[in-house]
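>>> Here is my input; please provide its structure:
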Amino acid sequence: MVEVAEKSAKRPVRGMPSLPQVQRTDRRLASETIAELVQAYRDGATTTDLRLRYDLSQGSVIKILREHGVTMRNQGLGDGDTATAAELYRGGATLAQLGEYFGVSPNAVRRAVTSAGVVMRARGRTCA
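Okay, here's the model as predicted:
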């Protein structure tokens, strides 16, 4: 028993694994930059535009806007756009292409066209 205690006393003690560092966007961005982002959204920029312009995640952009009391615009397709997107998708356009065209995510396009009764193609295929 004494030998085991002596051996364990000679072993180095393992430290706690380091936790990933969380960066808060309000500490990473200057208050002037946040004010610019908020004003750009109010002036009509999309959250996708802001994400790319300020090198942030979509969630970070939305969080900043909500924290500053901004009323969010519709993040999906409008009713008129849904019919057009469904027609274009049936014609062979991809969800990614339609998302870029309408300024929304491919997932928003998918939700809209499936709600309009469109059957999704297998991934990676177009009807050309």
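>>> Find the nearest non-adjacent residue to the residue nearest the centre of the chain, please.
Closest residue to the average C-alpha location of the chain: Q58 at 3.5 Å, with C-alpha atoms, centre = their mean. Using C-beta to C-beta, 6 or more residues apart in numbering and skipping the chain neighbours, the partner closest in space to Q58 is R51 (5.3 Å). Just so you know, the C-beta spots here come from the backbone N, C-alpha and C atoms, and that holds for glycine as well.
>>> Also T114?
M120 (6.5 Å).
>>> give me the number of residues near that neighbour?
10 (other C-beta atoms under 10 Å).
>>> just checking, it touches R110?
Yes - counting by C-beta atoms under 8 Å, M120 does reach R110; the two are 6.9 Å apart.
>>> Wait, A96 touches P106, no?
Yes - using C-beta under 8 Å, A96 makes contact with P106 at a distance of 4.9 Å.
>>> who has more neighbours, these two?
P106 (14 against 11).
>>> Quick check: the gap between the more buried one and G99.
Distance, P106 to G99, using C-beta to C-beta, to the nearest Å: 4 Å.
>>> Alpha carbons only: can I get stretch 99-111 in CSV?
The C-alpha coordinates for stretch 99-111 follow below in CSV (Å, rounded to 0.1, in the frame of the first residue of the first chain):
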residue,chain,number,x,y,z
GLY,A,99,-32.0,31.3,-51.5
GLU,A,100,-29.4,33.6,-53.1
TYR,A,101,-32.0,34.9,-55.6
PHE,A,102,-34.6,35.7,-52.9
GLY,A,103,-32.0,36.8,-50.2
VAL,A,104,-33.0,34.0,-47.7
SER,A,105,-31.5,30.8,-46.6
PRO,A,106,-31.9,27.6,-48.7
ASN,A,107,-33.8,26.2,-45.7
ALA,A,108,-36.3,29.0,-45.8
VAL,A,109,-36.9,28.2,-49.5
ARG,A,110,-37.3,24.5,-48.7
ARG,A,111,-39.9,25.3,-46.0
